Each structure stands twice: as C-alpha cells, then as structure tokens.
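Q: please work out how this folds:
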Amino acid sequence: MNKRNNKEVISFRYYLLYFLIYACIGWLLETFYAVGTLGYFVKRGFLYGPLCPIYGWGAIILISGLKKYKSNSIKLFFYSAVVFSVFEYVVSFALDAMFSAKWWDYTNDFMNLNGRISIFYSFAWGIIAILFINHIHPFIEKYVKKILKKIPHVIQIIVINSLFIALIVDTILSSLKYLNIKNILYL
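A: Prediction:
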C-alpha cells in the first residue's frame with residue numbers, strides 16, 4: 001500500500017473512532033439530560049446501543065469541515081449555526097419520512113421551523129462548535145493519540161473494525177425495528 005492510501009486508511013480509522021466516541025458522548029448527554037428533566041431513565045437515540053449517531057456525524061462535520069475556522073470564532077459560530085440547523089432539519093425530516101417517528105420536537109420553542117429546528121438550538125450549535133473545536137476535541141484528540149500509541153496497530157485495527165461492524169449491525173437492526181413492514185410490502 002502506498003503512503004497516500006495508508007494515510008487515507010489511518011484518517012478513516014481516526015474519523016470512525018471519533019464518530020464512535022462523540023456518538024457515545026452524545027448518548028450520555030442525552031440520557032443524563034432526560035434523567036435530569038424527567039427523573040427517570042429514557043432510552044435515547046435511534047440505535048439499540050449507547051450511541052446517538054447525529055452527535056458523531058456532527059463531530060465529523062466540525063473536525064473535517066469547520067475546524068479551519070478555529071481562529072475566527074465569529075465565522076465558526078455562524079457557519080456552525082447554519083450548517084447544523086440544516087443538518088438537524090434534514091436528519092429530522094429523513095427520520096420522519098423513513099420511520100414515521102420524531103426523535104425531537106421543537107414545536108413549542110420560539111422561532112421554530114416545523115418543530116424540526118429552532119433559533120435557540122441554532123444559537124446553541126454555534127456556541128457548542130466553538131467549545132468543541134477549541135477545547136473539547138483537542139482534549140479528546142490528545143488522549144486518543146496517547147492511548148493509541150500504547151495499543152499495537154493490529155489490535156487497533158481489530159477493535160475499530162469490530163466496532164464498525166457492530167455499528168452497521170445495530171443500524172440495520174434498529175432500522176428494521178422502526179420500519180413498518182406492512183407498508184413496505186404494499187409498495
């Protein structure tokens with residue numbers, strides 16, 4: 001394998017690992033938020049496992065596309081607010097269209113659009129992006145690299161590939177759970 005292909009494989013593994021880490025952190029945040037507001041455990045997210053993929057994808061969007069604005073917090077804030085509002089709207093629409101279910105609803109929030117996004121969360125995504133790019137990701141990245149240096153490369157590949165396969169299986173099983181099989185049979 002040439003150096004460029006090897007670098008792309010390593011980059012893909014890092015992105016996959018960060019996706020899984022941030023999807024898990026997102027699930028934890030959602031779960032603690034639900035426990036704090038409702039007073040009891042509520043299963044959060046789409047998947048069976050402890051992951052909220054929207055947070056994983058959000059992190060990847062920030063790391064791969066918006067990190068370049070790290071030195072300009074105003075641009076980072078506005079671009080993130082717009083990008084994540086569009087992303088959140090599209091994901092909400094797609095989940096609703098595919099599975100006839102809503103995982104969040106901002107209908108009662110001030111300045112919402114079809115209950116899928118609201119001005120408050122658009123603003124929050126901008127603030128979160130600044131915190132993520134300047135503080136959270138550099139902290140996590142430092143420790144991920146430190147931990148990975150201690151784990152043999154072969155073990156890293158096995159673990160990351162196993163987690164990726166588990167994610168695919170979980171996504172398939174979760175999708176089947178939410179699909180209405182009767183409607184599919186009549187198409």
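
Q: tell me where this protein has strands.
A: 112-113, 117-118 (DSSP state E).

Q: so what strands line up beside the last one?
A: Next to strand 117-118 in the sheet, as set by DSSP bridges, lie strand 112-113 (antiparallel).

Q: and for Phe32, the neighbour number?
A: 12 (other C-beta atoms under 10 Å). All C-beta spots, glycine's among them, are computed from the backbone N, C-alpha and C.

Q: an error on my part: the question was meant for Ala129.
A: Applying other C-beta under 10 Å, I find that Ala129 has 26 neighbouring residues.

Q: spit out the contact partners of it.
A: When contacts are counted by C-beta atoms under 8 Å, 6 or more residues apart in numbering, Ala129 touches Leu62, Leu66, Leu76, Phe77, Ser80, Ala81, Phe84.

Q: again, only using 6 Å
A: Ala129 makes contact with Leu62, Leu76, Ser80, according to C-beta atoms under 6 Å, 6 or more residues apart in numbering.

Q: spatially nearest residue to it (excluding sequence neighbours)?
A: If the residues on either side of it in the chain are set aside, Ala129 comes closest to Ser80, at 3.3 Å by C-beta to C-beta, 6 or more residues apart in numbering.

Q: retrieve the pLDDT associated with the one you found.
A: Predicted confidence (pLDDT) for Ser80: 97.

Q: surely it is in contact with Ala124?
A: No - taking contacts as C-beta atoms under 6 Å, Ser80 lies outside contact range of Ala124: 10.0 Å.

Q: of those two, which one has the most company?
A: It is Ser80, of Ser80 and Ala124, that has more neighbours when counted by other C-beta under 10 Å, with 26 against 13.

Q: Ile168 versus that one, what's the distance?
A: 28 Å (C-beta to C-beta, to the nearest Å).

Q: same question for Tyr14.
A: 19 Å.

Q: no further queries at this time; thank you.
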